[in-house]
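Student: Predicted model, plus sequence, below.
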Amino acid sequence: MKIINPDTILSPSHLLTGQAIAFDTIIHAIAPLDELKSSYPDAEIIQLGKNSLVMPGLINPHVHLEFSANKTDLAYGSFLPWLNSVIQHRDELINGCDNSCMKKATDAMLESGITAFGAVSSYGLDLEAAAESAQKVVFFNELIGSQAQMADMLFSDFLTRLDASEQIQREGFYPAVAIHSPYSVHPILIKRALEIAKSRKLLLSAHFMESLAEREWLDKNEGDFKAFFNDFLKQSSALTSAEAFLELFNAHPTLMTHVVHANERELKLLSEGGHTVIHCPVSNRLLGNGAIDLDALESHHINWICGTDGLSSNYKLDLFEEMKIALFMHSETPLLPLAKQLIESATVNAAKALNLNSGEIAVGKDADMLVMQLDAAPNEQLALHLILHHYPINTIFINGKPVKGA
Ligand code: BEZ
Ligand code: FE2
């Protein structure tokens, strides 16, 4: 048992002072130091200095490790030119990102306080890097393919990757399923994958309503996707409507990424289905997709959390940076409540969505904790200051084990 005694604890919903934390792999007690010392007389005491803060590790629910080699190859500004540039540079990006490149990405996430992440894996090439990372991992094996004649081949490749991820025997590694999007996956494939996810009790994720192009294609078979589907895939109409797509996920709460262009009816379905929205502000800005309406999510009582997306649509994998961009993107939203929501989204709310026993400094939770160094005693605007100032993270614990510092 260890007892850590900081100046302040951020739970993340409450600020606690005069309290220490007794933990091994999980948090056993939170109480004044003297009480914990008498309950656990043999515990090692970690006494932290002035202006120290302990808060939960951050959880990044959406990253594409396999695209970590991108820095300047992809075309930013609008969705279809970006997608075409991904297709054009796919091979060099994928071949240019070996295990060490992906390890750099997982290490960078750790350095910035991310103690758990959801890796969306297109090819399974990131399995080793994800499995060997220090963090908890939900490993989303992604299914993509809109052409019926390719369905069997694509599904068997998906199953092979899923099975390989299920062979990984390490604590805190959770195989899962991702459906790429309503426009890129044949409904037959979606149904087959959902059956697997249900029977194996696996988490599900999908991209949904990321771009205006997706909206126009699914609604009207028009817009920027029209030429793309005609030229590359010889398709003149969408395979599903957005609503029919969502209905497939009815009985299975799913992490829906982006959701920038969802309409009222779809928001209602997302709410009724208990789905969580992953908001990736940097990615949305760089791909010209606009800003999600957070008020609409709130009024439908939809849980939303914040993710980085991959380096294919971001310049770093850092949730503090992501939260800062969100703060400025949603410039009409009251500042301090948004800062607090962002901190909760990146901790307790993300843990709920990813089924992790972490994201909170609370008894019974896994001891996934950041030890931060503030430069003054925190006040009621701490959430905002945390997002603005990138305070140093001196030590990181995952399951009570120091994985950085200490
Ligand atoms: C496909 O594999 O069918 C596909 C991939 C990306 C966008 C659209 C379709
Ligand atoms: Fe993504």
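Tutor: Received, thanks. Ligands and ions are numbered 1, 2, ... in the order given.

Student: Enumerate the residues of the stretch 1-150 of the chain near ligand 1.
Tutor: Remark: the part of the stretch 1-150 of the chain in contact with ligand 1 comprises 144-147, using C-beta under 6 Å from any ligand atom. Using the backbone N, CA and C atoms, a C-beta is placed for each residue, glycine as well.

Student: Just the CA trace of stretch 236-243, in CSV.
Tutor: Output of stretch 236-243 as CSV, limited to C-alpha atoms (Å, rounded to 0.1, in the frame of the first residue of the first chain):
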residue,chain,number,x,y,z
SER,A,236,-24.4,6.0,-57.9
SER,A,237,-26.3,5.8,-54.6
ALA,A,238,-25.7,5.4,-50.9
LEU,A,239,-26.0,2.0,-49.3
THR,A,240,-28.1,3.2,-46.4
SER,A,241,-29.7,6.3,-44.9
ALA,A,242,-28.1,7.8,-41.7
GLU,A,243,-31.2,6.8,-39.8
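
Student: can you offset everything so residue one is 9?
Tutor: Yep, numbering from 9; the last one is stretch 244-251 now.

Student: and it, which residues are buried?
Tutor: Using 16 or more other C-beta atoms under 10 Å as the test for burial, stretch 244-251 gives 246-248, 250.

Student: tell me the mean pLDDT over that stretch?
Tutor: Averaged over stretch 244-251, pLDDT sits at 97.

Student: Likewise for stretch 297-311?
Tutor: Over the span of stretch 297-311, the pLDDT mean works out to 98.

Student: Give me the buried entries from the residues of the stretch 9-158 of the chain next to ligand 1.
Tutor: The neighbour-count test (16+ other C-beta under 10 Å) marks 152-154 as buried among those.

Student: Name the residues that touch stretch 292-307?
Tutor: 84-87, 90, 218-220, 266-269, 272, 275, 285, 287, 289, 291, 312, 321-322, 333, 337-338, 341, 346 (C-beta atoms under 8 Å, 6 or more residues apart in numbering).

Student: now those: which count as buried?
Tutor: For the contacts of stretch 292-307, a neighbour count by 16+ other C-beta under 10 Å gives the buried set as 86-87, 90, 218-220, 266-269, 275, 285, 287, 289, 291, 312, 321-322, 333, 337-338, 346.

Student: Narrow these to those in helices?
Tutor: Of the positions in those, 87, 90, 220, 275, 289, 291, 333, 337, 346 sit in helices, assigned by DSSP state H.

Student: Out of those, which comes closest to residue 67?
Tutor: Using C-beta to C-beta, the shortest approach to residue 67 within those belongs to residue 289, at 16.3 Å.

Student: Thought residue 375 was touching residue 404, still the case?
Tutor: No - with contact defined as C-beta atoms under 8 Å, residue 404 and residue 375 do not form a contacting pair (10.8 Å).

Student: from what I can see residue 377 touches residue 63, true?
Tutor: Yes - applying C-beta under 8 Å, one finds residue 377 in contact with residue 63, separated by 7.1 Å.

Student: Return every residue with contacts to both of the two.
Tutor: Taking C-beta under 8 Å, 6+ apart as the contact criterion, the common neighbours of residue 377 and residue 63 are residue 369.

Student: centroid residue for this structure?
Tutor: Taking C-alpha atoms, centre = their mean, the centroid of the chain lies closest to residue 69, which sits 1.3 Å from it.

Student: Regarding that residue, which helix or strand does it belong to?
Tutor: Under DSSP states H and E, the secondary-structure element containing residue 69 is strand 66-71.

Student: Please point out which parts of stretch 164-173 sit buried.
Tutor: Using 16+ other C-beta under 10 Å as the burial criterion, the residues of stretch 164-173 that qualify are 165-166, 169-170, 173.

Student: quick one: which of these is nearest to residue 412?
Tutor: residue 173 (25.7 Å).

Student: who are the neighbours in contact with the residue in the stretch 209-358 of the chain that ligand 1 sits nearest to?
Tutor: Distance from ligand 1 to each residue of the stretch 209-358 of the chain (C-beta to the nearest ligand atom) is smallest for residue 241, at 5.6 Å. Neighbouring residues of residue 241 by C-beta under 8 Å, 6+ apart: 154-155.
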